[in-house]
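> Return atomic coordinates for the entry below.
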Amino acid sequence: MKIDSVGVIGGGAWGTALAQTLRLAGRDVLIWARESETVDDINERHVNRVFLPGVELAPGVRATTNLRDLASSDVILLVAPAQHVRGVCTELRPHLKADQLVVMCAKGIEQASGKLMGEVLNEALPDALQGVLSGPSFAADVARGLPTALTIACRSEEAGRAMAERLGYRQLRLYWTSDVVGVELGGALKNVLAIAAGIVDGKGLGASAHAALVARGFAEMRRFGEAFGSRPETLLGLSGLGDVILTCGSPQSRNMSLGRALGEGRTLQDVMGARVAVTEGVYTAAAVVRLARERGIEMPIAEAVTAVLDGNVSVDDAIAGLMQRPFKAED
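This is a model prediction of the structure:
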């Protein structure tokens with residue numbers, strides 16, 4: 001399968017970092033961004049000062065504000081925020097060829113519909129060949145060439161193996177799987193768990209509480225994944241457990257740092273108002289809880305996070321509620 005050119009939809013930190021490493025891997029790369037300032041920064045100064053400051057980009061990384069320019073790419077990476085994926089795909093659809101390879105890189109669930117990103121992609125781009133890229137990765141690490149390993153999921157073995165080989169790089173190792181739903185859910189659910197882990201950290205509840213929270217939160221992730229047909233081994237891999245370890249263990253994670261700020265007593269409005277990048281877990285939490293209730297999946301940690309984000313309970317009351325739940329067997 002020919003994969004020599006890559007179109008990246010999204011000029012944020014992650015889209016820029018992927019474009020950088022793909023260019024170093026020898027692919028022709030073109031980024032689409034809405035912000036003309038970002039496009040000018042990339043094309044004229046080889047930097048992205050707003051979303052990825054301090055990283056010098058390879059001269060071959062180019063950018064455009066015209067989605068049509070990406071239509072001839074061999075593969076398109078969708079790195080737009082999850083809540084904007086449907087709108088961007090609708091704009092892109094008239095320009096795509098049949099069986100276009102489109103890889104979802106957004107980690108979330110559509111809040112308005114409660115649909116997974118793959119479902120959104122199927123509706124908005126029904127003729128596309130779908131893939132998902134996810135795993136433990138901070139944009140700054142990838143952009144600077146630090147070793148990273150991710151999972152690339154595609155139901156077509158030919159396409160999946162080709163993408164692992166052609167999109168991978170000596171510092172970016174890709175593992176292929178056919179479990180598209182599992183990879184997708186791992187990336188979405190860990191964002192909600194990372195907010196909870198940040199709250200524990202911000203309240204100063206200690207390493208023991210942090211470890212317990214992450215372990216029980218991962219149990220919720222596995223229950224949710226099982227209900228949607230994910231394979232258990234997928235959530236135990238890079239796109240599940242690997243991403244949980246990263247995002248629940250470092251305030252460099254936008255979701256964990258938001259939770260940490262909430263635990264320290266700041267309001268959600270104050271934290272969100274000071275950010276230029278999207279914190280996906282804020283929008284995913286309510287959708288996760290809604291889907292869990294519909295399917296009878298017990299997810300007390302996700303419920304608590306959603307209640308705090310919605311302003312229905314305080315952080316202290318949410319923690320007390322979790323600690324006062326009935327005693328039960330771990331399994």
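
> wait, what's in contact with V6?
A19, L22, R27, D28, V29, L30, S73, D74, V75, I76, L77, L167 (C-beta atoms under 8 Å, 6 or more residues apart in numbering). For glycine as for every other residue, the C-beta is placed from the backbone atoms N, C-alpha and C.

> Could you check how far the second one is from K203?
It refers to L22. The gap separating L22 from K203 is 40 Å, by C-beta to C-beta, to the nearest Å.

> So these two - more neighbours on which side?
Neighbours were counted for L22 and for K203 using other C-beta atoms under 10 Å; L22 has more, 26 against 18.

> That one: helix or strand, and which one exactly?
In the assignment (DSSP states H and E), L22 maps to helix 13-24.

> show me what contacts the residue nearest to the spatial centre of the chain?
Central residue of the chain (C-alpha atoms, centre = their mean): K107, 2.7 Å from the mean position. By C-beta under 8 Å, 6+ apart, K107 lies in contact with A82, S134, G187, A188, K190, N191, E280.

> that older thread, buried subset of the contacts of V6?
Those of the contacts of V6 that meet the buried threshold are A19, L22, R27, V29, L30, S73, D74, V75, I76, L77, L167, by 16 or more other C-beta atoms under 10 Å.

> Just the ones in helices from the residues you listed, please.
Within the buried ones among the contacts of V6, residues falling in helices by DSSP state H are A19, L22, L167.

> mind putting those in a markdown table, distance to P232 included?
Listed next are these as a markdown table, based on distance: C-beta to C-beta, whole Å:
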| residue | distance to P232 |
| --- | --- |
| A19 | 33 |
| L22 | 31 |
| L167 | 26 |
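
> ok, of the buried ones among the contacts of V6, which one's closest to T38?
Closest approach between the buried ones among the contacts of V6 and T38, by C-beta to C-beta: A19, at 11.8 Å.

> That closest one contacts V55, doesn't it?
No - contact between A19 and V55 fails when scored by C-beta atoms under 8 Å: they sit 11.1 Å apart.

> Show me the helices in the stretch 101-250 of the chain, by range?
Taking DSSP state H, counting those that start in this stretch as the test, the helices found in the stretch 101-250 of the chain are 117-124, 139-143, 157-167, 180-202, 207-227, 232-235, 243-247.
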